[in-house]
Each structure stands twice: as C-alpha cells, then as structure tokens.
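Participant: Quick check, what structure comes out for this input:
(2 chains)
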Amino acid sequence: MSLLTPDSGLLFWMIVSFGIVFAILSKYGFPVIIKAVEQRKAYIDNSLETARQANEQLANIQAEGARILAEAKEKQNAILKEAFAEKEQIIDEAHRKAAAETRLQVEEATRRIREEKEKAIREVRSEIADLSIAIAEKVMKEKISRDKEQQQIIDRLLDEVSFCKS
Amino acid sequence: MNNIKNNKLIWTVLLMWLCFLAPAHAESQKEGIDVQDIVFSHIQDAYTWHITEWNGKEIAISLPVLVKSEERGWDMFLSHHLHHGKVHHNYYIASEGKHAGKVVEKNSRGEEVRPIDLSLTKNVCGLFLSCGILLFVVLRTARWYKKHPNQVPRGFTGLMEMIISYIQDGVIKESVGKDEYKPYSSYLLTVFFFILINNLIGIIPVFPGGANITGNIAVTAVLAGCTFIAVNLFATKEYWKDIFWPKAPIYLKLPLPIMPFVEFFGVFTKPFALMIRLFANIMAGHTIILALTSLIFITVSMGLLVNFGMTIVSVLFCVFMNCVELFVACLQAYIFTLLSANYIGMARIKE
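Facilitator: A predicted model of the protein is given here:
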C-alpha cells in the first residue's frame, strides 16, 4: 500500500527542511527565548528579594525612628522636669534670700534705731544733766555748790525719770 | 477579553469548516462518486496542488517536477505538462502498477522505471510553508524577547511563552532529567512545534493548508529517525549494558540471548511506534472527515429528504470530528515530544 511506503522525494525534502528549521531554531529560536525567560525569572526573583530587604530596612528604620522619638520624648520630659525643679529651686532660693535680706535689713534697721535711740537718750541725758546742772547751779548758786553727792542724787533721779518714760 | 477570544475561536472553526465544504461541493457535480478515490487523493501526495473546480475548470497550482533519470540526467518542468495522462520528455504519471500516481519514465528497453524523484510536490510545498510559518513565529517571539528584556509578553508571544515553558518544564525537564535536559530541549521544542503547526495546517481544508503532512509516513519517519539518533547516539554505557546484559535471570540470557534480543529489538520498535502513531492518528482523522463529507454526495442519488437529513448529520459529525482533530493535533504533538523526551531520559541513565 502506497500509504505506508515513504516517498524518497518527500523524505529528502523533509530531512533538508527539518534539518534547516532545527538548525536555525536551535541557534536563534528556542535558546534565546528560554534564556530570556530564565533571565526574567532571575530578575523578578532578585527584585522581590531586593523589595523584601528594602521593606525590612524600612521597618527597621521605622522602629529606629520610633525609638529615637521615644527617647527624645523621654529626654524632653527629663529636661522639663529638671527645668521645673530648677525653677522651683531658684524661686525658693530667691524667696529665702529675700527673706534673709529682709530680716537682715529689719535687724539692721532695729539696731540702728536702737543705737540712735540710745545715742539720743545719752545725748538727751547729758543735755538734761547739763541743763539740770545749769539749772541747779543757777538755783543753788547762791546756796549750794555743786558737789559729788548732789550730782549722784541728780543722776539717780534722772535715771528713774528716764526709765519710767522709756 | 475572554469572550472575544472565544468568539474568535468559534469563528475560526466555523470558517475552517465552511472552507472545507467548498472544494467538496465541486466534486458533487461528477457522476457516480468513488469515495475511496476522493479520500485517497486528498490524503496522498500529489504533483499539483488542486484548489477547487469552478464551472468545470480545474483551479490548481502547477508545481515543479524535479527528476533524475538514470539515462538522461536531471530534468525539471512544471507538473501541468503531465496532467491527464500527458507525456512530457518521456515522463508521465503512472495510472496503475507498482508506481501508480508517481512520475515514471519509459527507458530505452521499454520498461517502466521510476526516476529519482525530488519533485516539489504538494506535501513538500506544504512542508516548506509550515517551516516558514514555524520559523517566522518562533524567531518573531525570540526577537520580541531581545527587544524587551525583562518584560512579560502579552498576546501571541505570551501564548508562545506559556507553551514553551510548559513543554520545557513539564515535559523536557521532567522526562530527560534536570541536569541533562539542556542539549535536548531545542530539539524537543522544535519537534513539538513542527508537529503542532503541521497538524494544525493539515486541518485547514483550503489552499494553503490541507496538505496532509504529518499524516505522511515519510515525514513521521524522519521525525522518528531524529529521535532515534538523539536517543542512541548520546546514550550512556549503562543504557547499552541494560540492553545487551539486562537485569534478568541468567537462563534468559546465556545459552540463547532472548532478553538481549528483545531489548535490542525495543531500540527500534520505540521510534517505529512513534512514527506509526503520529502518522496513523493524523491520517485517520483526515480520512474520517473526508468520508463524512463524502456522505453528503453519496446520498444525493437517494432523494432530497435523505440527502437533506444526511447533510445535517454529516455536518454535525464533521464539526465534531474537526474539534476532535484540533484536540488530536495538539495531543499528538505533545505525545511525540513526551515519548521522545522519555526515551532520551531512559538512554541517559546512570548507575
């Protein structure tokens, strides 16, 4: 049956054309395509890996940022606290200083007043003594001289008078 | 998008089938239909590419006949010189005998002998055409990849990539083995696409298609021969050891080498089976479709009603068979590749 006997002409042309097709395709066809597909696969894998790493880094950076932020906040709090304490302290100190100053001033004033008063009293006393003596002199010029006992009596009397007054 | 593609597919199939009916219609005008003749003339090779018949005139492409006579050397002429039993340069197409349907010559002793015939017959032209299409398709895909590095293709290139990846990963890598598939992958992919394209073009019934290429034993013989070479030329020592000294009980090997003989025989039966499988599948499919179409013209003489009924039946069956053929076209290409890859894988075994 002629269906089952290969025809030599077709056989020849088939070998030639299949050979040429195979030669061309195995050089410029399939290896190029397969290589390109594999390259693309590698490229995609690489890209995914890079993206994953970038993501990881980003997450790291975010965590870092959050950490830094928390740290900063803490620092800020501490500084604020410190500042507050310092303020308090300064105010306290100022208060204290002011109080001390005031007290000192008051003391000084009182001292001065007392001194002045004593001085005044002394002056007044001496003045009075002088006056009294003068008066007494004048009174007693004629009768009595001014001796010691009389002076003492006068002083005592003056003391009594002045203490009663002050 | 899917719908559009589906529609396109349906239209393609419909168009194919319509075109298929057209040349068949011309034959209905002849008196008395010889179904066997119709079927065989469509399945077998021819020196002219018959397209159709129009108003009693045959429309055909005259193909070059290239012959070398033992006595007169090379000769080349167009095949219409031999049409209808004409004799040209002492060559004619034998109508009967051993070389029926082939170009023969009368030698000086008056005997009918067959010259060396390298004519560009219908099948050869169809073969060239499909080789051209195959080269164009694959090289275009390859060029796309060169132009667009690291991009994902769409459309036809995407389809090609899908098929190539499937064959590469699902068939070649699996069957040949992960370490050794590289030198064979080009061959197996070429075989796959070569068979696929020839099968698909064979289904198209109008002019550029219709040549029954993969349904011709010469074509499948060359393909199977290539696989035979690929398997046995690069086989490992272990493969040959398994053939000539297989792991079988000693009495099957020593006095009478039964098992070695069976194994050795298997070396040839495997590619032979490949050859016959592809050839028979495609040829049978074409035969069935042609026979079903002929049913319409056979029943013309049985009255209008019968003819009408049979036409519907025939068309329905033809549609069904064309769908099956479409499936078989892909399946046979796949099987040929898969089995070739398997045989290669078996020949690459190591201890």
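
Participant: May I have the residues that are in contact with the residue of the stretch 201-350 of chain B found nearest chain A?
Facilitator: At 3.7 Å from chain A, B:Ala218 is the closest residue in the stretch 201-350 of chain B, using CB to the nearest CB. For every residue, glycine as well, the C-beta is placed using N, CA and C. For B:Ala218, the contacting residues are A:6-7, A:10-11, A:14, by CB atoms under 8 Å, 6 or more residues apart in numbering or on different chains.

Participant: now swap in B:Gly345 and tell me
Facilitator: Applying CB under 8 Å, 6+ apart to B:Gly345 gives the contacts B:175-177.

Participant: what do you get for A:Pro31?
Facilitator: The contact partners of A:Pro31, taken as CB under 8 Å, 6+ apart, are B:Ser186.

Participant: Next to chain A, which bits of the stretch 151-300 of chain B? Give me the list.
Facilitator: Contact residues, the stretch 151-300 of chain B versus chain A (CB under 8 Å from any CB of the partner chain): B:151-152, B:160-161, B:164-165, B:168, B:185-187, B:189-190, B:193-194, B:216-219, B:221-223, B:226, B:283.

Participant: 7 Å instead, please
Facilitator: Applying CB under 7 Å from any CB of the partner chain, we find that the stretch 151-300 of chain B lies next to chain A at B:161, B:164-165, B:168, B:185-187, B:189-190, B:194, B:216-219, B:221-222.

Participant: now the contacts of B:Gly345 in a markdown table, with neighbour count and secondary structure?
Facilitator: Putting those into a markdown table (neighbours: other CB atoms under 10 Å in any protein chain shown; DSSP: H, G, I helix; E, B strand; the rest coil) gives the following:
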| residue | neighbour count | secondary structure |
| --- | --- | --- |
| B:Ser175 | 20 | helix |
| B:Val176 | 24 | helix |
| B:Gly177 | 16 | coil |
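
Participant: Just the helices from chain A, written as ranges.
Facilitator: Taking DSSP state H as the criterion, chain A carries its helices at A:8-24, A:30-140, A:148-165.

Participant: Buried deepest among the ones you listed, which one?
Facilitator: Here the criterion is mean neighbour count by mean count of other CB atoms under 10 Å in any protein chain shown, and of the helices of chain A the winner is helix A:8-24, at a mean of 18.

Participant: what sits up against that one?
Facilitator: Helix A:8-24 has contacts (CB atoms under 7 Å, 6 or more residues apart in numbering or on different chains) with B:45, B:117-119, B:121, B:123-124, B:127-128, B:131, B:134-135, B:187, B:190, B:194, B:216, B:218-219, B:221-222.

Participant: With only the CA atoms kept, save it in CSV.
Facilitator: Provided in CSV are the C-alpha atoms of helix A:8-24 (Å, rounded to 0.1, in the frame of the first residue of the first chain):
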residue,chain,number,x,y,z
SER,A,8,12.0,9.3,-1.4
GLY,A,9,11.5,12.8,-2.7
LEU,A,10,9.4,13.9,0.3
LEU,A,11,11.9,12.1,2.6
PHE,A,12,14.7,14.1,1.1
TRP,A,13,12.9,17.4,1.3
MET,A,14,11.7,16.6,4.8
ILE,A,15,15.3,15.9,6.0
VAL,A,16,16.5,19.1,4.4
SER,A,17,13.8,21.3,5.7
PHE,A,18,13.6,19.8,9.1
GLY,A,19,17.3,20.0,9.4
ILE,A,20,17.4,23.7,8.4
VAL,A,21,14.5,24.5,10.7
PHE,A,22,16.1,22.7,13.6
ALA,A,23,19.5,24.3,12.9
ILE,A,24,18.0,27.8,12.8
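
Participant: tell me the domain boundaries of chain B?
Facilitator: B:64-117, B:122-347 (automatic domain parsing).

Participant: Run the chain-centre distance for the first one.
Facilitator: Right, domain B:64-117. The chain centre lies 26 Å from the centre of domain B:64-117; the measure is CA atoms, centre = their mean, to the nearest Å.

Participant: following the helix or strand hosting B:Asn198, which helix or strand shows up next?
Facilitator: Element membership for B:Asn198 (DSSP states H and E) is helix B:182-203. Of the helices and strands lying after helix B:182-203 in sequence (DSSP H and E), the nearest is helix B:217-233.

Participant: Just the angle for that following helix relative to helix A:8-24, thanks.
Facilitator: Interaxial angle of helix B:217-233 relative to helix A:8-24 (axes from the mean of the first three to the mean of the last three CA atoms, to 10 degrees): 50 degrees.

Participant: Now the element after helix B:217-233, going C-ward?
Facilitator: Once the chain leaves helix B:217-233, the next helix or strand it forms, by DSSP H and E, is helix B:237-244.

Participant: Quick one: low-confidence residue ranges for chain B.
Facilitator: For chain B, applying pLDDT under 70 flags the ranges B:1-32, B:351.

Participant: ranges for the strands of it?
Facilitator: Counting by DSSP state E, one finds strands in chain B at the ranges B:48-54, B:57-62, B:64-69, B:73-78, B:91-93, B:103-106, B:112-113, B:116-117.

Participant: who wins for proximity to chain A among these?
Facilitator: Nearest to chain A, of the strands of chain B and by CB to the nearest CB, is strand B:116-117 at 4.5 Å.

Participant: Show me what the closest one is packed against.
Facilitator: Counting contacts by 3 or more CB pairs under 7 Å, 6 or more residues apart in numbering or on different chains; DSSP states H and E, strand B:116-117 is packed against strand B:64-69.
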